[in-house]
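A.B. asks: Below are the sequence and a predicted model; questions follow.
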Amino acid sequence: MPTVHFTDSEGTTRDIDAKVGDSVMETAVRNGVPGIVAECGGSLSCATCHVFVAESDLDGLDPMSEMEDEMLWGTTEDREDNSRLSCQLKITDDTDLHVTTPETQV
């Protein structure tokens, strides 16, 4: 089963079984994962679902779109090389993704 491992800014990790076709953001919201605000509901018009993807997992993701790249410049916590918007990360059969949520989204 696809799994997303959410680690918060204090180091606590929650392993969540995910549904194929959903986004990482939808998985987080549905399971009450702290640190994902998702104000826009996944319409790529905010940056409140910002996550840091584990370096070892980056190569397995679809490339970042130009719009996502632009939105990441508006995050509350500084953007890093492994920053992504979790609404743009789709769950597949092979998903075993490790992400860390920033200390704040707003």
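C.D. replies: That came through fine. Numbering: from 1, shown residues only.

A.B. asks: I would like the residues contacting stretch 7-22, please.
C.D. replies: Stretch 7-22 has contacts (Cβ atoms under 8 Å, 6 or more residues apart in numbering) with 1-6, 24, 27-28, 30-31, 33-35, 90-93, 95, 98-103. No exception for glycine: its C-beta is placed from N, CA and C like everyone else's.

A.B. asks: Quick one: mean pLDDT over that stretch.
C.D. replies: Averaging pLDDT along stretch 7-22 gives 97.

A.B. asks: Could you give me the buried positions within that stretch?
C.D. replies: By neighbour count on 16 or more other Cβ atoms under 10 Å, the buried set for stretch 7-22 is 7, 16, 18, 22.

A.B. asks: Can you dump the C-alpha atoms of that stretch in PDB for me?
C.D. replies: Taking C-alpha atoms only, stretch 7-22 is exported to PDB below (Å, rounded to 0.1, in the frame of the first residue of the first chain):
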ATOM      1  CA  THR A   7       7.600  14.400   9.900                       C
ATOM      2  CA  ASP A   8       6.800  17.600  11.700                       C
ATOM      3  CA  SER A   9       9.300  20.300  12.600                       C
ATOM      4  CA  GLU A  10       9.800  18.800  16.000                       C
ATOM      5  CA  GLY A  11      10.800  15.400  14.600                       C
ATOM      6  CA  THR A  12       7.600  13.400  15.200                       C
ATOM      7  CA  THR A  13       6.800  11.100  12.300                       C
ATOM      8  CA  ARG A  14       3.300   9.800  11.300                       C
ATOM      9  CA  ASP A  15       3.100   7.000   8.700                       C
ATOM     10  CA  ILE A  16      -0.100   7.300   6.700                       C
ATOM     11  CA  ASP A  17      -1.500   4.800   4.200                       C
ATOM     12  CA  ALA A  18      -2.400   6.800   1.100                       C
ATOM     13  CA  LYS A  19      -5.000   6.300  -1.700                       C
ATOM     14  CA  VAL A  20      -3.700   6.100  -5.200                       C
ATOM     15  CA  GLY A  21      -4.700   9.200  -7.200                       C
ATOM     16  CA  ASP A  22      -4.900  11.500  -4.200                       C
END
